[in-house]
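Enquirer: Following is a predicted model, sequence given first.
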Amino acid sequence: METVRFLADYRGVLTGEVFYQAGDVAEFDEQPAEALIRDGRAQDASVAAPGPAAEPTASAIFSFEAPGEAKAELSDRPEAPRKRGRPRKVK
């Protein structure tokens with residue numbers, strides 16, 4: 001018997017027409033378990049499940065630069081020349 005974790009919702013011949021949702025863990029004989037893994041519908045349960053996404057840290061959320069510094073950087077950039085004339089009509 002092999003234990004698998006489903007990566008997507010599945011109901012079919014390999015599971016005996018039993019419905020499993022993504023994230024469910026179940027035991028199957030070797031042949032159906034290998035077929036589910038090979039088809040990408042499940043993974044071996046001994047492989048760690050993907051955890052929740054990491055929360056952003058305070059340094060990623062807040063900028064520690066002084067407000068005047070950021071504006072100075074933007075004002076130092078050369079501006080692109082502006083095009084003259086009418087804007088084109090887009091079809």
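Expert: It's in.

Enquirer: Now for Arg11, how many residues are close by?
Expert: Residue neighbour count, defined by other Cβ atoms under 10 Å, stands at 12 for Arg11. Glycine gets a C-beta too; all of them are placed from N, C-alpha and C.

Enquirer: Report the contact partners of the residue nearest to Arg11 when sequence neighbours are not counted.
Expert: Distances taken as Cβ to Cβ, 6 or more residues apart in numbering place Phe19 nearest to Arg11, at 4.1 Å, with adjacent residues excluded. Phe19 makes contact with 9-11 under the criterion Cβ atoms under 8 Å, 6 or more residues apart in numbering.

Enquirer: which one among these gets closest to Asp29?
Expert: Distance to Asp29, by Cβ to Cβ, is smallest for Tyr10 among the contacts of Phe19, at 16.1 Å.

Enquirer: what about the closest one, distance to Gly40?
Expert: For Tyr10, the distance to Gly40 equals 10 Å [Cβ to Cβ, to the nearest Å].

Enquirer: same deal with Ala26?
Expert: Distance of Ala26 to Gly40, given as Cβ to Cβ: 16 Å.

Enquirer: Poorly predicted segments of this structure, please.
Expert: 47-83 (pLDDT under 70).

Enquirer: Which one of Ala26 and Gly40 is surrounded by more residues?
Expert: Ala26 (17 against 9).

Enquirer: hang on, that one is in a strand, isn't it?
Expert: Yes. Judged by DSSP: H, G, I helix; E, B strand; the rest coil, Ala26 forms part of a strand.
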